[in-house]
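Colleague: sequence plus the predicted model coming up.
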Amino acid sequence: MSPRLVLVMGDQLSAGVSALRAADPARDIVVMAEVMDEARYVPHHPKKIALVLSAMRHFAEELRAAGWTLAYTHLDDPDNAGSIPGELLRRAAETGAGEVLATRPGEWRLIEALEAAALPVRLLPDDRFVCSLAEFDAWAAGRRELRMEYFYREMRRKTGLLMEGERPAGGKWNFDHDNRKPAPAEMRRRAPPAFTPDAMTEEVLELVAARFHDNFGTLRPFGFPVTRAQALEALDDFARHRLPEFGAYQDAMLTGERFLNHAVLSPCLNLGLLGPREVCERVEAEWRAGRVPLNSAEGFIRQVIGWREYVRGIYFREGPDYTARNALGHARDLPAMYWGAPTGMACMAQAVAQTRDDGYAHHIQRLMVTGNFALLAGVDPAQVHEWYLSVYADAVEWVEAPNTLGMSQVADGGVVASKPYVSSGNYIDRMSDYCGGCAYAVKEKTGARACPFNLLYWHFLHRHRQRFETNPRMAQMYRTWDRMSEEKRSTVLADADRWLARMEAGEDV
Ligand code: FAD
Ligand code: DLZ
Ligand code: SF4
């Protein structure tokens with residue numbers, strides 16, 4: 001019997017991934033390929049490229065040790081075909097394989113490429129999730145609005161996580177009311193473990209330094225987990241040290257505190273080094289043992305079996321054109337400050353610097369600082385999407401796109417977000433200590449020193465009045481705007497226009 005090729009891509013690094021389950025180690029050949037098409041379809045952060053390539057190489061070793069035959073292509077192999085379909089064709093010619101088994105990729109671009117490949121590819125569902133795509137579609141069918149909260153309750157029932165019989169533990173599905181506390185200024189947290197690169201990772205780091213030095217982002221120090229064993233250690237560290245206060249300070253931001261109580265487990269989850277169920281089961285066990293409060297355990301589990309599964313369902317349900325949507329007609333170029341140009345806005349400078357150094361920023365920085373600013377300033381959502389897909393180590397399109405284009409930029413017209421996540425500087429001031437060190441004054445609403453979030457907030461609401469004024473959750477904001485004097489409103493809009501013009505002209509803002 002001729003062998004089959006078993007494709008394992010860079011975010012499919014799980015021993016139980018469907019293509020491996022369907023294959024026979026005695027007959028089939030696992031294909032893993034480092035290719036330029038994947039390394040440059042967006043200008044990925046160097047840490048992200050290093051993470052993926054190092055994790056791929058370590059996973060290949062594990063597969064070999066488990067008895068699989070591998071055809072592994074390094075990025076600088078002279079015969080490298082440069083793309084995944086190209087590598088499959090080359091390996092098929094080499095081995096006489098007539099069929100490919102592949103787990104469905106997490107991106108339409110690659111699904112389409114594999115479907116169009118010049119050899120038969122059997123695409124198997126990616127079942128490393130709590131909710132299958134068919135199940136999500138069944139949940140969504142006939143609903144007017146696809147609200148995450150209701151989907152999440154289904155996932156709680158399905159998994160039994162934090163359930164007491166038919167009822168949610170603690171009598172409530174959601175404990176957000178106890179969360180969202182600003183962090184006390186003196187709060188300092190133990191950073192997640194940084195893993196010293198071994199020889200294999202060092203080799204990758206040298207390769208990335210040589211080939212991708214022009215990409216935005218700092219390569220070293222590099223400490224991401226690159227094996228399942230390290231990912232499990234990272235999970236353990238989170239469960240012991242940061243989970244207890246995860247809930248309370250989930251939305252907080254502090255200067256210089258890059259991780260606070262966050263898990264920093266998304267890269268491990270998205271590459272397949274950890275599975276969502278095992279992570280949530282560990283978190284639930286901590287709560288059942290009395291080591292963490294329910295609001296923390298629930299807050300975390302909601303992100304993983306709620307948001308993470310929900311955005312995946314949305315991405316595949318909405319289809320390949322999702323990333324081209326621009327419901328608000330925003331067209332401004334992404335400001336240079338997103339690529340590190342100096343800015344006096346302390347919150348933006350902090351979020352971008354962290355992103356450059358770590359390939360990581362936590363959720364509220366992504367949503368309420370960089371995302372909020374892009375939305376208020378009217379930046380072209382395709383450029384915002386490309387930025388988020390490039391700069392974060394955890395960015396894979398199925399999860400990044402609905403977060404960016406849906407939750408953050410409302411470019412999908414409100415499929416994900418029932419109201420835009422916009423705020424003035426007041427919200428950032430409440431949740432962080434950034435404003436104290438800013439060139440702008442958060443309390444000033446007009447004038448040259450006014451916080452740009454204050455100016456742009458009203459500018460945004462004014463620009464999109466027709467779309468949003470009938471949204472009951474926005475009515476209060478429009479009432480506040482309408483209560484201002486005509487003169488004040490004109491000044492705010494003129495100051496906002498002036499500030500945007502200065503930014504567009506490349507002045508330091
Ligand atoms: P924690 O805050 O500790 O949360 C725990 C886990 O919950 C995360 O590891 C993650 O797996 C999951 N999670 C939390 N929020 C979300 C969410 N909104 N959607 C999906 N999963 C979630 N997440 C990605 O994994 N990849 C992305 O490319 C990505 N892009 C984003 C872009 C924007 C504009 C926004 C607003 C959010 C984005 N997120 C993305 C969601 C979220 O910000 C990250 O999952 C989170 O910051 C990862 O850090 P953490 O592991 O410390 O998360
Ligand atoms: C992100 C990434 C990078 C940088 N490089 C590779 C690679 O060389 N080979 C590979 O198989 N996968 C890589 N990936 C991950 C893929 O881009 C990922 O599988 C798709 O984004 C689909 O989810
Ligand atoms: Fe950000 Fe405005 Fe505060 Fe400055 S004053 S840190 S721009 S919110």
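Modeller: Yep, it's here. Here the structure is a predicted model, which is why all the values come from computation and not from measurement. Ligands and ions are numbered 1, 2, ... in the order given.
Colleague: which parts of the chain sit against ligand 3?
Modeller: Residues of the chain lying close to ligand 3 (Cβ under 6 Å from any ligand atom) are 345-347, 425, 428-429, 434-435, 438, 440, 442, 451-453. For glycine as for every other residue, the C-beta is placed from the backbone atoms N, C-alpha and C.
Colleague: change it to 5 Å
Modeller: With the criterion set to Cβ under 5 Å from any ligand atom, the chain comes near ligand 3 through Met345, Ala346, Cys347, Gly425, Ile428, Tyr434, Cys435, Cys438, Tyr440, Val442, Cys451, Phe453.
Colleague: save those as a markdown table, and put in secondary structure too.
Modeller: A markdown table is the format used below for the residues of the chain next to ligand 3 (DSSP: H, G, I helix; E, B strand; the rest coil):
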| residue | secondary structure |
| --- | --- |
| Met345 | coil |
| Ala346 | helix |
| Cys347 | helix |
| Gly425 | helix |
| Ile428 | helix |
| Tyr434 | coil |
| Cys435 | helix |
| Cys438 | coil |
| Tyr440 | coil |
| Val442 | coil |
| Cys451 | coil |
| Phe453 | helix |
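Colleague: PyMOL command for the buried members of the residues you listed?
Modeller: Filtering these down to the buried ones (16 or more other Cβ atoms under 10 Å) takes a single PyMOL command:
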select buried, resi 345+346+347+425+428+434+435+438+440+442+451+453
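Colleague: residues in contact with Ala113?
Modeller: Shown in contact with Ala113 (Cβ atoms under 8 Å, 6 or more residues apart in numbering): Ser83, Ile84, Pro85.
Colleague: what separation do you get for the last one and Trp499?
Modeller: Here Pro85 is placed at a distance of 47 Å from Trp499 (Cβ to Cβ, to the nearest Å).
Colleague: equivalent analysis for Ala60, please.
Modeller: 51 Å.
Colleague: go on, Ala382?
Modeller: Between Ala382 and Trp499 the distance is 24 Å, computed by Cβ to Cβ.
Colleague: tell me the SS of the residue of the stretch 51-200 of the chain found nearest ligand 3?
Modeller: Scanning the stretch 51-200 of the chain for the residue nearest ligand 3 gives Pro182, at 13.2 Å (criterion: Cβ to the nearest ligand atom). At Pro182 the chain is in coil, as set by three-state DSSP.
Colleague: ok, it - contacts?
Modeller: Tyr249, Ala252, Arg430, Met431, Ser432.
Colleague: next: Pro125.
Modeller: Ser18, Thr103, Arg104, Ser132, Leu133.
Colleague: which members of those occur in helices, if any?
Modeller: Counting by DSSP state H, the contacts of Pro125 place Ser18, Leu133 in helices.
Colleague: buried subset of the contacts of Pro125?
Modeller: Taking 16+ other Cβ under 10 Å as the criterion, what is buried in these is Ser18, Thr103, Arg104, Leu133.
Colleague: spatially nearest residue to the last one, not counting backbone neighbours?
Modeller: Nearest-residue entry for Leu133: Phe316, 5.1 Å, with adjacent residues in sequence omitted and distances by Cβ to Cβ, 6 or more residues apart in numbering.
Colleague: quick check: pLDDT value at the one you found.
Modeller: Among the per-residue scores, Phe316 shows a pLDDT of 98.
Colleague: count the neighbours of it for me.
Modeller: 20 (other Cβ atoms under 10 Å).
Colleague: ligand 1 contacts on the chain?
Modeller: By the rule Cβ under 5 Å from any ligand atom, the part of the chain lying against ligand 1 is 262-266, 269, 303-304, 307-308, 311, 362-363, 366-367, 371, 388, 394-395, 399-400, 403-404, 408.
Colleague: isn't the residue nearest to Leu133 up against Ser132?
Modeller: No. With contact defined as Cβ atoms under 8 Å, Phe316 does not count as touching Ser132 (10.3 Å).
Colleague: tell me where the stretch 101-250 of the chain is predicted with low confidence.
Modeller: Judged against pLDDT under 70, the stretch 101-250 of the chain has no low-scoring part.
Colleague: closest residue of it to ligand 2?
Modeller: Gly106 (3.3 Å).
Colleague: thought Arg332 was touching His459?
Modeller: No. Using Cβ under 8 Å, Arg332 is not in contact with His459, being 11.9 Å away.
Colleague: okay, and the common contacts of the two?
Modeller: In contact with both Arg332 and His459: Leu500, using Cβ under 8 Å, 6+ apart.
Colleague: isn't there a strand covering Gly384?
Modeller: No Gly there; residue 384 is Val. No. Counting by three-state DSSP, Val384 falls outside a strand, being helix.
Colleague: and the residue nearest to Val415 when sequence neighbours are not counted, how many residues sit next to it?
Modeller: What sits nearest to Val415 in space, not counting adjacent residues and going by Cβ to Cβ, 6+ apart, is Gly406, at 5.7 Å. Close neighbours of Gly406, defined as other Cβ under 10 Å, add up to 23.
Colleague: Leu123 is in what secondary structure piece?
Modeller: Assigned by DSSP states H and E, Leu123 belongs to strand 121-124.
Colleague: and for Arg188?
Modeller: Arg188 belongs to no helix or strand, assigned by DSSP H and E.
Colleague: which pLDDT value belongs to the nearest residue to it once chain neighbours are set aside?
Modeller: Using Cβ to Cβ, 6+ apart and skipping the chain neighbours, the partner closest in space to Arg188 is Glu257 (6.8 Å). Glu257 is assigned a pLDDT of 92 by the prediction.
Colleague: for the residue in the chain that ligand 2 sits nearest to, helix, strand, or coil?
Modeller: Closest residue of the chain to ligand 2, Cβ to the nearest ligand atom: Gly10 (2.7 Å). With three-state DSSP as the basis, Gly10 sits in coil.
Colleague: excluding its backbone neighbours, what's nearest it?
Modeller: Val52 (4.3 Å).
Colleague: how many other residues sit next to Ala507?
Modeller: One correction, residue 507 is Glu, not Ala. For Glu507, the neighbour count with other Cβ under 10 Å is 9.
Colleague: before we move on, the earlier item: okay if I get the buried ones among the contacts of Pro125 as CSV plus distance to Ala191?
Modeller: Shown next, in CSV, are these (distance: Cβ to Cβ, whole Å):
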residue, distance to Ala191
Ser18, 35
Thr103, 33
Arg104, 35
Leu133, 36
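Colleague: give the ChimeraX command for selecting the buried subset of the contacts of Pro182.
Modeller: Entered in ChimeraX, the line below selects the buried ones among the contacts of Pro182, by 16+ other Cβ under 10 Å:
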select :249,252,431,432
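Colleague: please consider this matter closed, and thank you.
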